[in-house]
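S.K.: Task: produce atomic coordinates for the following.
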Amino acid sequence: MASLGRVLSKTFFWSYERGTWPYDAAVILILVFVLLTPRDWFRDQPQGGGPAAPGQVQLLFKEGNRQTYRVDAHILAPPTKLALQNDLHTALQEAQSELRNGNFSISKIEPLRDEQGTVTAYQVEIRH
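M.R.: All right, here's what the predicted structure looks like:
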């Protein structure tokens with residue numbers, strides 16, 4: 001029988017061969033931990049708010065087929081360029097009844113910042 005130190009060392013450095021019972025037991029323990037650990041133990045909560053409320057999306061200008069909206073940044077997840085455009089498209093579509101069909105494209109996105117430089121909203125220009 002192996003000493004406790006050797007077992008711990010082999011387990012820590014993942015030295016067991018595939019197909020052995022200690023390897024399989026370690027894999028099962030890892031899977032159980034990953035799949036059954038409650039999300040709130042790690043404060044891992046989804047980013048962004050829920051669906052856009054009408055007050056969080058406001059029409060600023062309307063000229064022909066161009067419209068400019070102000071979209072509150074709190075309803076969006078932290079953005080990447082493409083994800084920001086997709087999230088803004090979805091927020092406009094959900095909050096504005098005339099845009100529900102989704103037949104519009106975003107032509108310009110301008111972040112609006114507060115005194116500390118934090119993005120508080122986006123000014124979004126769309127085209128039909």
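S.K.: Can you name the element that comes right after whichever strand or helix holds residue 68?
M.R.: According to DSSP states H and E, residue 68 maps onto strand 66-72. From strand 66-72 onward toward the C-terminus, using DSSP H and E, the following helix or strand is helix 81-95.
S.K.: ok, residue 105 - contacts?
M.R.: Neighbouring residues of residue 105 by CB atoms under 8 Å, 6 or more residues apart in numbering: 126-127. In short, each C-beta sits where N, CA and C put it, glycine included.
S.K.: Residue 72 versus residue 107, what's the distance?
M.R.: From residue 107 over to residue 72 the distance is 20 Å, taken as CB to CB, to the nearest Å.
S.K.: Please say which of those two ends up with more neighbours.
M.R.: Comparing residue 107 with residue 72 by other CB atoms under 10 Å, the one with more neighbours is residue 72, at 19 against 11.
S.K.: Can you tell me the element residue 17 falls in?
M.R.: Short version, using DSSP H and E: residue 17 is in no helix or strand.
S.K.: Likewise for residue 58?
M.R.: Taking DSSP H and E as the criterion, residue 58 maps to strand 57-63.
S.K.: circling back: identify each buried residue in the strand holding residue 68, please.
M.R.: With burial defined by 16 or more other CB atoms under 10 Å, the residues of strand 66-72 counted as buried are 67-72.
S.K.: Looking at the residues you listed, which one is closest to residue 61?
M.R.: Of all the buried residues of strand 66-72, residue 68 has the smallest distance to residue 61: 4.2 Å, by CB to CB.
S.K.: That closest one bridge partners, please.
M.R.: residue 61, residue 125 (DSSP bridges).
S.K.: There's contact between it and residue 92 in this structure, I believe.
M.R.: No - using CB atoms under 8 Å, residue 68 is not in contact with residue 92; the gap is 11.0 Å.
S.K.: Can you pull the residues that touch both of those two?
M.R.: Here residue 68 and residue 92 share the contacting residues 124, 126, scored by CB under 8 Å, 6+ apart.
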